Structure formats: C-alpha cells, structure tokens
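>>> with the sequence up front, the predicted model follows.
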Amino acid sequence: MASEILYGINTAEEIIKAGRRRVLRLVISRTEKGARVNDLAALARKSGVNVEFCDPKLLDKLAAGGNHQGVLLEAEPARRLTVDDALGLEKDLKKTVWAALDGITDPMNLGAIVRSAACLGVSTVILPERRSAGMNAAAQKTASGAVERVNVVEVVNLNQTIIKLKEKGFWIYGMDMGGQALPKVDFTLPAFVIIGSEGAGLHQKTREHCDVIVSIPQKGGVESLNAGNAAAIVFYELSKKI
C-alpha cells in the first residue's frame, strides 16, 4: 500500500494518538524547538514511530509547498470504508448523524467540515468521487487530525447513497437557500445532512431527494455563509439531539 505525506503538528499528533493506521516516520525540522515538538517526538518514539530531524528545505520539498509547521508525517492512507462498513460501525442509529458534501471542491472547506463533524458528533462524512474535494494533505491539515475520529466514505453516486440511507430510516436534510429556517426545523434522527456549495448550492437531483431543505437565516446582507461555517452551525443544532 502506497504511503502518503501529511503535515502539521496537530495532524501528526492526532494520527499517532489514534493508532488507526501505520505511521512510517515522523520528520521534524532541525529549527523547530519547544515543548510541543519535544512531546510529539516522545509520543512518536513511544508508539514505535521512527523520528528524523532534517533541514527545513527538505520538509518544504516533501510538503510540496504546504504549511507544514516544521512537522511532517509519512503514513499509510486511512482505511477506505464503504457505506455498509460505516453503517456497521454505528452502535445506535437513533442517535446517528451523517453528513455529505455536494459540489464542494475546496479542500480547506472539506477539512473544516470534517473537523466540525468530529467536534459535534457527526460520525460519517460522505464524499462523491466526482465534483468534490478529496481528503488530500491540505484537507487533512485543515482538519487537524479529525479524519482519525470521523469515518470518511467516498461514493460513486451520492443520490444512490441517499436512497440507500432512506431505506435504513435516515431523514435527509439539504442545506440550501429558500428552505425552512434552521431554528424552526425539528430534526429527526438518524439524520443525513447534505451541504451544498456556496455558489451553486445543492444539485437539483440531490435537492429533490431531500425530505427537508434547511436554510440559515442571515442578517448582514452577505449572500451566503462559507460552507464550513454553515456546516458547523447545523451540526451544532443536531448535536442537541444526540
């Protein structure tokens, strides 16, 4: 299995702590000092991970221009899960919230959404294979290791996944303009929340499959919220049900 290069001190720390995948090495810039880096190196050694110190220019090259913060990790990719795998990991569907991205291509937004999901009890995030950002190094850096706490599932067809989850009893909520105001929505679990892009919103076919379209009331005259911020707001409301 090919390894992947990830970077950022939070990402490295969370991946090593979680122990869900094999870490091949931790690379730290020789110029990085301080207790946080020392603690990370100690954690890695305790976990059986090889620690290397090198010139910062090498990290720049390995991170391909990413903001590595002087820390880089080489690890096996996260385990690829199917929808059925993720369903099998749920202990109680009546307390389950999943999310999906529809047309969100910015890896920073994806990373922020996965981080919010981990913080607010969303157990699985569904990504369409096409027209969607993937969990690359930039997305994982923004997620700050939260990908180790959330099941991320790539699917060929989002609408077929919606139909499958409906058969399992999920209520489908689409985040888009022109829907019910969020404070008035009485969410029912299990819930599957679909986040559309800021510009185009949900794809029409996806919108048609939703049980409820939900909108966040806005007062400042801005056309729409950033998708990551919108996701965090709705996840918080749903966390009250879990």
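All right, it came through fine.
>>> report how many residues lie close to the nearest residue to residue 75 once chain neighbours are set aside.
Spatial nearest neighbour of residue 75, excluding adjacent residues (Cβ to Cβ, 6 or more residues apart in numbering): residue 23 at 4.5 Å. The C-beta positions use only the backbone N, C-alpha and C, and glycine is treated the same way. Using other Cβ atoms under 10 Å, residue 23 has 20 neighbouring residues.
>>> enumerate every residue touching residue 23.
Contacts for residue 23 were tallied using Cβ atoms under 8 Å, 6 or more residues apart in numbering; they are 15-16, 44, 47, 49, 73-76.
>>> redo that, cut-off 10 Å
3, 6, 12, 15-16, 44, 47-50, 73-76 (Cβ atoms under 10 Å, 6 or more residues apart in numbering).
>>> and it, what are its phi and psi?
phi -100, psi 130 (degrees, to the nearest 10).
>>> and it, how far from residue 60?
Residue 23 is 21 Å from residue 60, where distance means Cβ to Cβ, to the nearest Å.
>>> next one: residue 119
Distance from residue 119 to residue 60, by Cβ to Cβ: 31 Å.
>>> what segments of the protein are helices?
Under the criterion DSSP state H, helices of the chain are mapped to 9-18, 35-46, 56-62, 83-88, 107-120, 137-143, 158-167, 204-209, 227-239.
>>> who's in contact with the second one?
Spelled out, it's helix 35-46. Residues outside helix 35-46 that contact it (Cβ under 10 Å, 6+ apart) are 9-10, 12-13, 16-17, 23, 25-26, 28-29, 32, 34, 49-53, 69-71, 73.
>>> can you tell me which of the contacts of residue 23 are buried?
Neighbour counting by 16 or more other Cβ atoms under 10 Å classes 6, 12, 15-16, 44, 49, 73-75 among those as buried.
>>> so which of those is the closest to residue 218?
Using Cβ to Cβ, residue 6 comes nearest to residue 218 of the buried ones among the contacts of residue 23, at 35.2 Å.
>>> list the strands paired with the longest strand that the chain contains, with their directions.
The longest strand of the chain (DSSP state E) is strand 171-181. Sheet pairing of strand 171-181 (DSSP bridges) gives strand 191-196 (parallel), strand 212-215 (parallel).
>>> looking at those strands, which is buried most?
Mean neighbour count, computed with mean count of other Cβ atoms under 10 Å, is highest for strand 191-196 among the strands paired with strand 171-181, reaching a mean of 25.
>>> relative to helix 158-167, how tilted is that strand?
160 degrees (axes from the mean of the first three to the mean of the last three Cα atoms, to 10 degrees).
>>> could the C-alpha coordinates of strand 191-196 be exported in PDB?
Extracted in PDB, the C-alpha atoms of strand 191-196 (Å, rounded to 0.1, in the frame of the first residue of the first chain):
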ATOM      1  CA  ALA A 191     -30.200  12.300  10.100                       C
ATOM      2  CA  PHE A 192     -28.200  12.700   6.900                       C
ATOM      3  CA  VAL A 193     -27.200  16.400   6.200                       C
ATOM      4  CA  ILE A 194     -26.100  17.400   2.800                       C
ATOM      5  CA  ILE A 195     -24.000  20.600   2.400                       C
ATOM      6  CA  GLY A 196     -24.100  22.300  -1.000                       C
END
